[in-house]
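Asker: Here you go, sequence then predicted model.
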Amino acid sequence: MKLAERILFFRVEHGLTQMSLAERCGVSATVISHLERPDNRRCPKTETLRKVLAGMKLNEDEISRIMAENESFRQNSFYGDKKPRTESSLMKIFRQLNPEGQAIALKQLTALADIDELHI
(Lines give C-alpha, C1' and ligand atoms only; values in the text may rest on other atoms or scores of the structure.)
Protein backbone atom coordinates (compact mmCIF):
# COMPACT_ATOMS: atom_id res chain seq x y z
CA MET A 1 0.00 0.00 0.00
CA LYS A 2 1.43 3.37 -0.98
CA LEU A 3 1.95 6.09 1.60
CA ALA A 4 -0.92 8.23 0.25
CA GLU A 5 -3.31 5.27 0.40
CA ARG A 6 -2.16 4.31 3.87
CA ILE A 7 -2.72 7.80 5.29
CA LEU A 8 -6.12 8.18 3.64
CA PHE A 9 -7.19 4.69 4.76
CA PHE A 10 -6.12 5.39 8.34
CA ARG A 11 -7.91 8.73 8.43
CA VAL A 12 -11.17 7.41 7.00
CA GLU A 13 -11.06 4.24 9.13
CA HIS A 14 -10.76 6.36 12.26
CA GLY A 15 -13.41 8.88 11.18
CA LEU A 16 -10.97 11.77 11.10
CA THR A 17 -11.04 14.85 8.92
CA GLN A 18 -7.81 16.10 7.37
CA MET A 19 -7.88 18.91 9.94
CA SER A 20 -8.32 16.57 12.91
CA LEU A 21 -5.56 14.24 11.71
CA ALA A 22 -3.31 17.25 11.12
CA GLU A 23 -3.92 18.50 14.66
CA ARG A 24 -3.26 15.04 16.04
CA CYS A 25 0.06 14.92 14.13
CA GLY A 26 1.17 18.49 14.73
CA VAL A 27 1.15 19.45 11.03
CA SER A 28 -1.14 21.53 8.82
CA ALA A 29 -4.19 20.15 7.03
CA THR A 30 -2.45 21.14 3.80
CA VAL A 31 0.35 18.68 4.60
CA ILE A 32 -2.18 15.88 5.12
CA SER A 33 -3.95 16.86 1.90
CA HIS A 34 -0.69 16.70 -0.09
CA LEU A 35 0.34 13.41 1.46
CA GLU A 36 -3.01 11.80 0.62
CA ARG A 37 -2.85 12.74 -3.06
CA PRO A 38 -1.94 9.65 -5.11
CA ASP A 39 -0.35 11.84 -7.79
CA ASN A 40 1.86 13.68 -5.29
CA ARG A 41 5.48 13.26 -6.42
CA ARG A 42 7.04 15.33 -3.66
CA CYS A 43 8.80 13.55 -0.83
CA PRO A 44 7.78 14.78 2.59
CA LYS A 45 10.52 16.02 4.85
CA THR A 46 11.72 13.34 7.23
CA GLU A 47 10.57 15.28 10.30
CA THR A 48 7.11 15.87 8.81
CA LEU A 49 6.66 12.25 7.82
CA ARG A 50 7.74 11.06 11.26
CA LYS A 51 5.16 13.36 12.90
CA VAL A 52 2.38 12.03 10.68
CA LEU A 53 3.32 8.39 11.20
CA ALA A 54 3.60 8.88 14.96
CA GLY A 55 0.20 10.61 14.95
CA MET A 56 -1.20 7.54 13.19
CA LYS A 57 0.02 5.48 16.16
CA LEU A 58 2.14 3.15 14.03
CA ASN A 59 4.66 1.01 15.85
CA GLU A 60 8.35 1.82 15.55
CA ASP A 61 9.00 -1.03 13.08
CA GLU A 62 6.32 0.28 10.71
CA ILE A 63 7.59 3.83 11.07
CA SER A 64 11.17 2.71 10.33
CA ARG A 65 10.09 0.74 7.26
CA ILE A 66 8.04 3.62 5.83
CA MET A 67 10.83 6.10 6.58
CA ALA A 68 13.28 3.84 4.68
CA GLU A 69 10.87 3.57 1.73
CA ASN A 70 10.49 7.35 1.68
CA GLU A 71 14.27 7.83 1.74
CA SER A 72 14.67 5.33 -1.09
CA PHE A 73 12.05 7.19 -3.12
CA ARG A 74 13.76 10.50 -2.35
CA GLN A 75 17.11 9.15 -3.59
CA ASN A 76 15.68 7.54 -6.72
CA SER A 77 13.45 10.39 -7.85
CA PHE A 78 15.97 13.15 -8.50
CA TYR A 79 14.42 13.98 -11.85
CA GLY A 80 10.93 12.52 -11.39
CA ASP A 81 8.93 13.57 -14.45
CA LYS A 82 11.00 16.71 -14.94
CA LYS A 83 13.64 17.18 -17.57
CA PRO A 84 17.22 17.24 -16.29
CA ARG A 85 18.17 20.70 -15.09
CA THR A 86 20.57 22.90 -16.97
CA GLU A 87 23.89 24.02 -15.59
CA SER A 88 22.60 27.59 -15.22
CA SER A 89 19.46 26.50 -13.36
CA LEU A 90 21.56 24.38 -11.01
CA MET A 91 23.88 27.32 -10.35
CA LYS A 92 20.85 29.49 -9.55
CA ILE A 93 19.63 26.87 -7.07
CA PHE A 94 23.14 26.58 -5.60
CA ARG A 95 23.30 30.34 -5.00
CA GLN A 96 19.97 30.15 -3.13
CA LEU A 97 21.31 27.55 -0.68
CA ASN A 98 22.55 28.65 2.73
CA PRO A 99 26.28 28.10 3.45
CA GLU A 100 25.64 24.66 4.95
CA GLY A 101 23.63 23.60 1.88
CA GLN A 102 26.35 24.87 -0.42
CA ALA A 103 28.98 22.91 1.52
CA ILE A 104 26.89 19.72 1.19
CA ALA A 105 26.36 20.33 -2.54
CA LEU A 106 30.09 20.86 -3.11
CA LYS A 107 30.90 17.70 -1.16
CA GLN A 108 28.47 15.71 -3.34
CA LEU A 109 29.90 17.20 -6.54
CA THR A 110 33.45 16.48 -5.39
CA ALA A 111 32.49 12.83 -4.75
CA LEU A 112 31.04 12.59 -8.28
CA ALA A 113 34.15 14.18 -9.78
CA ASP A 114 36.27 11.47 -8.16
CA ILE A 115 34.46 8.68 -10.05
CA ASP A 116 36.58 7.99 -13.13
CA GLU A 117 33.76 6.20 -15.01
CA LEU A 118 31.77 9.43 -15.07
CA HIS A 119 34.42 11.42 -16.92
CA ILE A 120 34.20 12.06 -20.65
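Answerer: Happy to help now that I have it.
Asker: helices and strands of the protein: which one has the lowest mean pLDDT?
Answerer: Lowest on mean pLDDT, DSSP states H and E among the helices and strands of the chain sits helix 60-76, with a mean of 75.
Asker: That one - contacts with which helices or strands?
Answerer: Counting contacts by 3 or more CB pairs under 8 Å, 6 or more residues apart in numbering; DSSP states H and E, helix 60-76 packs against helix 3-13, helix 46-55. Backbone N, C-alpha and C define where each C-beta goes, glycine included.
Asker: For the residue positioned nearest the centre of the chain, give me the pLDDT.
Answerer: With distances taken as CA atoms, centre = their mean, residue 43 lies nearest the centre of the chain, 2.2 Å away. With respect to pLDDT, residue 43 scores 72.
Asker: Distance of it relative to residue 116?
Answerer: Look at residue 43 and residue 116: by CB to CB, to the nearest Å, they are 31 Å apart.
Asker: Please state the backbone phi and psi of residue 57?
Answerer: Here is the backbone geometry of residue 57 (degrees, to the nearest 10): phi 60, psi 40.
Asker: Now do it against residue 50, distance only.
Answerer: 13 Å.
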